[in-house]
Each structure stands twice: as C-alpha cells, then as structure tokens.
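>>> have a look at this prediction, sequence included:
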Amino acid sequence: MEALLSFIIGVLTACGVYLMLRGRSFPMVLGLTLLSYAVNVFLFAMGRLTIGQPPIIREGISQYTDPLPQALVLTAIVISFGMTAFAIVLALKARAELGNDHVDGRDA
Amino acid sequence: MTAHLVIAPILLPLLSGILLLLLRRMTVRWQRGLSLLALLAQVVIAVRLLQRVLDGPLQVYALGNWQAPFGIVLVADPLAAWMVVITTLLALFALLYACQGADRAGRHFHVLFQLQLFGLQGAFLTGDLFNLFVFFEILLLASYGLLLHGSGPQRTRAGLHFVVINLAGSTLFLFAVGTLYGVFGTLNMADLAVRISQVTPEQIGLVRLAGLLLFGVFALKAALVPLHLWLPAAYSAATAPVAALFVIMTKVGAYGILRLDTLLYGQGAAADLLDAWLLPLALTTLVLGTLGVMASTALRRQIAWLVVISVGSLLTAFALGGVDGIAAGLYYLPHTCFAGGAFFLLADSIARRRVDAGDQFVPNVVLADRRLLGGLFFILALLVAGLPPLSGFVGKFLILRAALDSPAIAWVLAIVLGGGLLTIVALARSGSVLFYRSVVSDKPADKTQQIAWRLGAELLPVGGLLLLCLALVIGAGPVDSMTRTIAEQLLQPDIYIRAVLGGSGS
C-alpha cells in the first residue's frame, strides 16, 4: 500500500508541476489543484497508514490512527479550496482585462 | 487583561476587521476612524508586549489551556514582539496615508488591511509550524485583495503572478511541514527543536530535506535570489499604502529564516543546515537588487528593487550569525521597513503631481511643490543608501562590524559598500530627472494647484516614518543594546524551549 500511495503522490506532483509550468491560466489552475491533492494525500500519509483503527485514544485500545494529520488535512483542504477558487476568479478577470489567457497577458 | 496580552495583537485586528465588514455601509469617515483607532490600540498593545518580554520571561499563551506540545500555543519572545511593534508602526502610517483617499479606489480596503495585520501578527506570535502556515495563508489572502485594490490590467497581471507563485510556495510549505511531522510526530516548534537536536543518523537526510524545503518557502516570501522575480512587478503595481505595508511582508520571510536557523536548526547534527546557502544567496540578492535599481525606468519599480536590496542586506546580517550579526540585522530591519514604506508613499505623491508622466523617468513639467518633495526625496535617498548620519548608515555600520571576524569579510565589504555607492548614483540620477529636467508644457497647471492644499496632510505619514528613522539614530545606543538582548536570547534556544515545554524539555 505504501508503494502505491507514494507512486500516486509522485505522479500527482509531477503532473501538477508540469501543468503549472504551462504558462496558460487554465492549465495552471488545474496544476495547482493537482498539487494540492498531492500534498493533502502526502500529509495524510505522514500519520502512517493504518486500516480499521479508531482515530482516538481510549482505554483498552492499543492500536489507533493518528488523528492529527486528519485535522491538518482538513484545514489544508479548506485553505486550498479557497485559494483555488480565488485563483480561478482572478484568472477569469485576467482573461477579461488582458484579452487572452496567457499568464503574461500576451500570446507567446 | 495582562495575561491575554499575547493574544491581543491577533484578536484585535481580527475583531476590528469583522466589525468593519459588518459596518461596511457606514460612511467612509467612520470606517477610517474605526480602523485608525484599532491600529492605535494595536501599537499600544505591541509596545507593552515588547516591554513585558524584555523585562520578564517569555510569554506563552496556551489556547484553551491545553499545554504544549499537545495544544496550540502562542509564544511572545522578544523577537516576535519586536516584529509586531515594527509591523504596527509601519501599518499605522500606511493607513494614515490610505485615509487621504487611496482607500476609496476599491471596496473593503479597511477590512482587508486589518485582516492582513491579523495574519502578520499571528505569523510572528505563533509557536506552531502548522499555524505558521495558516497565518501565512491568511496574510497572503488579504494581500491578494490589497494588491488588486484599485484594479486595472497591470495590477491584475502582477496579481496573477503573485497569487500563483505564493500558492506554489504554500504547497511546498505543506510538504515540508508534512515531512517534519512524519519524522517527529509533532509540529510545536519548541518540541521540534528538541527532537531535531537529538536526531538519529538515519533520520538526518529527511530532516535536512524538510529544513531546506522550509528555507525555500521562506526565501520565496523574502524574495531571496533566485526567487525574487515576482517582487518588483507586484510591489510597483500596488497602490502606495499597500506597497508600503507589503514592505513588512518580505520581512516575514526573513523572520522565518531567522527562526529556522536559530530555533529549529539551532543545535545538533543538522545545525549547519543553512551555512552554505544563506550568505552567498544574500550577497547575490544584493548584487542583483543593485543592478535592478540602476536599470529601473520608473520610480516605484526602483523602490521595489530597493526592497530586494534590503532583503539582501538583512539576510547578510543574519547569515553572518552570532550576536553581532543578528543584532545588526534586527537594527537594520525597522530602518529598512520605515524607509522603504516612506519612499513608496512619497513616490505616490510625486507621481500624482507629474502631468501624464506618472513615476516614469522622463522630463516633465516643473513640479508644483518641488522644494518639499525634492527635499524629502533627498533625505530618503540618503537614508536608504546608508549614508551618514541617518539610520541606514548605523545599520550598515553594524552589519559591516559584524562581518569583521567572518572569513567572507572581503566579499561583504565590497558588495555592501559598492552596492550603497551604486544605489546613491542611481537615486541621484532619478532625482535629477524628476526634479531638475523639465520641459515647458502648454497644459494648464490647475490640476497640480488643485491638489496642492492636501500636500501637508499627504506628507504627514512620510514625515512620521522619517521621525521613526530619526528616533532609531538618536536612540541607536538603547536600540542596539535591546537588539543584542534579543539576539543573545535567540542564540540560546533552551530559553524558548523551556518556556514553552515547561521545563520538561531539555
């Protein structure tokens, strides 16, 4: 499971970085989204991968899932959603004001 | 009340921001009054906080009374309190300038301004790496709004670059935070500092990787070469009060690097993490910043490059390390914030009085208030270039004195002094174009006369910032001994760790 997950994070990051470098605002927003997915999965995995364990310390339970990464990921997801929405609106505004969707506002 | 002094600088701007949002239908006069009042209160609180942490122990505030490392803590050490004082003072004068009319160029200026302060002061006071990320996002989101304030294609383009590069930076930040959590299972900075100093050989690669990732993120915020390219366009596109406030934003990155270097990676096997990187990069930043200042064709862009130079000088001081270097940097930091902020405000005043030319370096009609504006320009140029007798000189002197024992003394001397010389040459050229080379214009001068009566009010914030710089010169002795106290405390991370973890960590 660890190998599969790290492979997925790697592919997501690579695709995200590639799209970010495209110079057009729409691929760039997609790249940002992929990167934020990658980082969320990464944060999640940093609490170690355990299956079927409660995320809480209780008497009589010795095996449990680390609850902190879930709290971190939740915050990170909210922030990245907000930021992505802002980036999309800004990209639309740039498209309208600069006349095309290149990040420099002119066709390369 | 005094027990809550640590959280007050964070809560006050948040609450006043929310209040301003609720009262957004009020007249702009009331909004200005409310915003200024909130900021004045923040200045008072910040100064009291600084007094307290200088006289007594560090102030630790456990949110919800959950003790560290399990709960979230706010920590006010002298460094954080000093940064908060600088931020509020700079913001006060930027806001005074904005109240002359710049706040009406778009909506919700005062709300965003207060939220930006909320993010900034939270970032300085938090004792937790993940909350540092969260406060970074808060201050960035507010700064996106402020940067776009007033709109226009140029601002939109600069804003898009600024937003995207900062979002990429935030992603890197999360990767670094995640790696540290994966290795150590904690994000409390004091707890991390203990565990990093006891790192095992098989962990050290990952720990260094996370540290360098964090360094990359802070370098991006600080506009350290080669991650500085976004800064000149963004800062020169923003409205004047926003650009003045943004001067402190690069210092947040510098603050992060200083924390990383002294607290997190202060001791143990990974302690030499930044040694190979910081000084060369800082000096390169100085060189490129100087070239940028010389190559600029407009005043605001030139000032934005001066901000790059100030980052270079500041990080040179921090890279030299030791009590001398860090203290020199902490003296230079408020000087460069106040001088840079004042310069942005003055540039706006100048640009508004030049018919059709704005801040471009082209001959134009004679300025209506050239004596006052030119005089201030002259003083500010001396100030930022570091000529005696102003605070820039004292700051540079302290940096050079700290470099005396360093093996890189020749490089530091050559680049800092040469950079200062080239800066003054470039500023002399721009000043002579702005104030001496004039063309006869058939345009009526009534536009300039109309706005002439406001000049006094407009230049009040500039004068205020200059007075602060003057205070830095007159009080150089006390300020220097205070920054030395801060630096000494920073170089003994045990004090911080013991204060946060309550003696259990050592």
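That came in fine, so what should we check first?
>>> please make it C-alpha for all contacts and neighbour counts, starting now.
Will do.
>>> near chain B, which residues of chain A?
Counting by C-alpha under 8 Å from any C-alpha of the partner chain, the residues of chain A close to chain B are A:32, A:35-36, A:39, A:42-43, A:46-48, A:72, A:79, A:83, A:87, A:90-91, A:93-94, A:97-98, A:103-105.
>>> and the strands in chain B?
With DSSP state E as the criterion, chain B has strands at B:59-62, B:73-76.
>>> most tightly packed of these?
Among the strands of chain B, ranked by average contacts under mean count of other C-alpha atoms under 10 Å in any protein chain shown, first place goes to strand B:73-76 (a mean of 25).
>>> end to end, how far does stretch B:219-238 reach?
For stretch B:219-238, the first-to-last residue distance is 21 Å (C-alpha to C-alpha, to the nearest Å).
>>> how close does the spatially closest residue to residue B:304 that is not a sequence neighbour get to chain A?
What sits nearest to residue B:304 in space, not counting adjacent residues and going by C-alpha to C-alpha, 6 or more residues apart in numbering or on different chains, is residue B:232, at 4.9 Å. Distance, residue B:232 to chain A, by C-alpha to the nearest C-alpha, to the nearest Å: 15 Å.
>>> wait, doesn't residue B:232 sit right on residue B:309?
No - using C-alpha atoms under 8 Å, residue B:232 is not in contact with residue B:309, being 11.4 Å away.
>>> the more surrounded of the two?
residue B:309 (33 against 23; other C-alpha atoms under 10 Å in any protein chain shown).
>>> what's near enough to touch that one?
B:285, B:286, B:287, B:289, B:290 (C-alpha atoms under 8 Å, 6 or more residues apart in numbering or on different chains).
>>> apply 6 Å and report the result again.
Going by C-alpha atoms under 6 Å, 6 or more residues apart in numbering or on different chains, residue B:309 touches B:286, B:289.
>>> nearest residue to whichever residue of chain A sits closest to chain B in space, ignoring adjacent ones along the chain?
Residue nearest to chain B within chain A: residue A:46 (4.5 Å; C-alpha to the nearest C-alpha). Sequence neighbours aside, residue B:182 is the residue nearest to residue A:46 in space, at 4.5 Å (criterion: C-alpha to C-alpha, 6+ apart).
>>> correct me, but that neighbour touches residue A:45?
No - the pair residue B:182 / residue A:45 is not scored as a contact, 8.2 Å apart, by C-alpha atoms under 6 Å.
>>> how about low-confidence regions in chain A?
A:105, A:107-108 (pLDDT under 70).
>>> residue furthest from the geometric center of it?
Centroid-distance maximum for chain A: residue A:60 at 35.9 Å, with C-alpha atoms, centre = their mean.
>>> which SS state does it fall under?
Assigned with DSSP: H, G, I helix; E, B strand; the rest coil, residue A:60 falls in the coil class.
>>> got the contact list for it?
If you count contacts by C-alpha under 6 Å, 6+ apart, residue A:60 has none.
>>> and it, its phi and psi?
Residue A:60 has phi and psi values of phi 90, psi 0 when expressed as degrees, to the nearest 10.
>>> kindly state the pLDDT recorded for the residue in chain B that chain A sits nearest to?
At 4.5 Å from chain A, residue B:182 is the closest residue in chain B, using C-alpha to the nearest C-alpha. pLDDT recorded at residue B:182 is 90.
>>> so it versus residue B:68, what's the distance?
To residue B:68, residue B:182 is 19 Å away according to C-alpha to C-alpha.
>>> now the spatially closest residue to residue B:126 that is not a sequence neighbour: how far from residue B:199?
Nearest residue to residue B:126 in three dimensions, chain neighbours excluded: residue B:74, at 4.5 Å (C-alpha to C-alpha, 6+ apart). Distance, residue B:74 to residue B:199, by C-alpha to C-alpha: 25 Å.
>>> same deal with residue A:42?
Here residue A:42 is placed at a distance of 22 Å from residue B:199 (C-alpha to C-alpha).
>>> show me where chain B dips below the pLDDT cut-off.
B:1, B:440-453, B:503-506.
>>> so which bits of it are right by chain A?
B:153, B:156, B:178, B:182 (C-alpha under 6 Å from any C-alpha of the partner chain).
>>> thought the third one was touching residue A:43?
In this case it means residue B:178. Yes - look at residue B:178 against residue A:43 with C-alpha under 6 Å: they come within range, at 5.1 Å.
>>> so if I had to pick from the two, which one is more boxed in?
Per other C-alpha under 10 Å, whichever of residue B:178 and residue A:43 has more neighbours is residue B:178, with 28 against 25.
>>> run a quick neighbour tally on the residue lying closest to residue B:165 once chain neighbours are set aside.
Nearest non-adjacent residue to residue B:165, counting by C-alpha to C-alpha, 6+ apart: residue B:230, 7.8 Å away. Around residue B:230 there are 18 other residues, counting by other C-alpha under 10 Å.
>>> is the residue nearest to the spatial centre of chain A in a helix, a strand, or coil?
Residue closest to the average C-alpha location in chain A (C-alpha atoms, centre = their mean): residue A:36, at 1.3 Å. Using three-state DSSP, the structure places residue A:36 in helix.
>>> related to what we said a few turns ago, between the strands of chain B, which one is nearest to residue B:38?
Distance to residue B:38, taken as C-alpha to C-alpha, is lowest for strand B:73-76 among the strands of chain B, at 20.5 Å.
>>> burial check on the nearest residue to residue B:264 once chain neighbours are set aside, number of neighbours?
Using C-alpha to C-alpha, 6+ apart and skipping the chain neighbours, the partner closest in space to residue B:264 is residue B:193 (4.5 Å). Residue B:193 is flanked by 26 other residues according to other C-alpha under 10 Å.
>>> would you check how far apart residue B:193 and residue B:247 are?
Residue B:193 is 29 Å from residue B:247, where distance means C-alpha to C-alpha.
>>> for residue B:109, which non-adjacent residue is spatially closest?
Spatial nearest neighbour of residue B:109, excluding adjacent residues (C-alpha to C-alpha, 6+ apart): residue B:103 at 5.6 Å.
>>> cool, and residue B:271?
Using C-alpha to C-alpha, 6+ apart and skipping the chain neighbours, the partner closest in space to residue B:271 is residue B:265 (5.0 Å).
>>> how many residues are close by that neighbour?
Residues near residue B:265, counting by other C-alpha under 10 Å: 25.
>>> give me the phi and psi angles of it.
phi -110, psi 40.
>>> hmm, residue B:93 is touching residue B:462, no?
No - with contact defined as C-alpha under 6 Å, residue B:93 does not reach residue B:462; the gap is 7.6 Å.
>>> so which elements touch the helix of greatest length in chain A?
Longest helix of chain A, by residue count under DSSP state H: helix A:68-98. Counting contacts by 3 or more C-alpha pairs under 6 Å, 6 or more residues apart in numbering or on different chains; DSSP states H and E, helix A:68-98 is packed against helix A:25-45.
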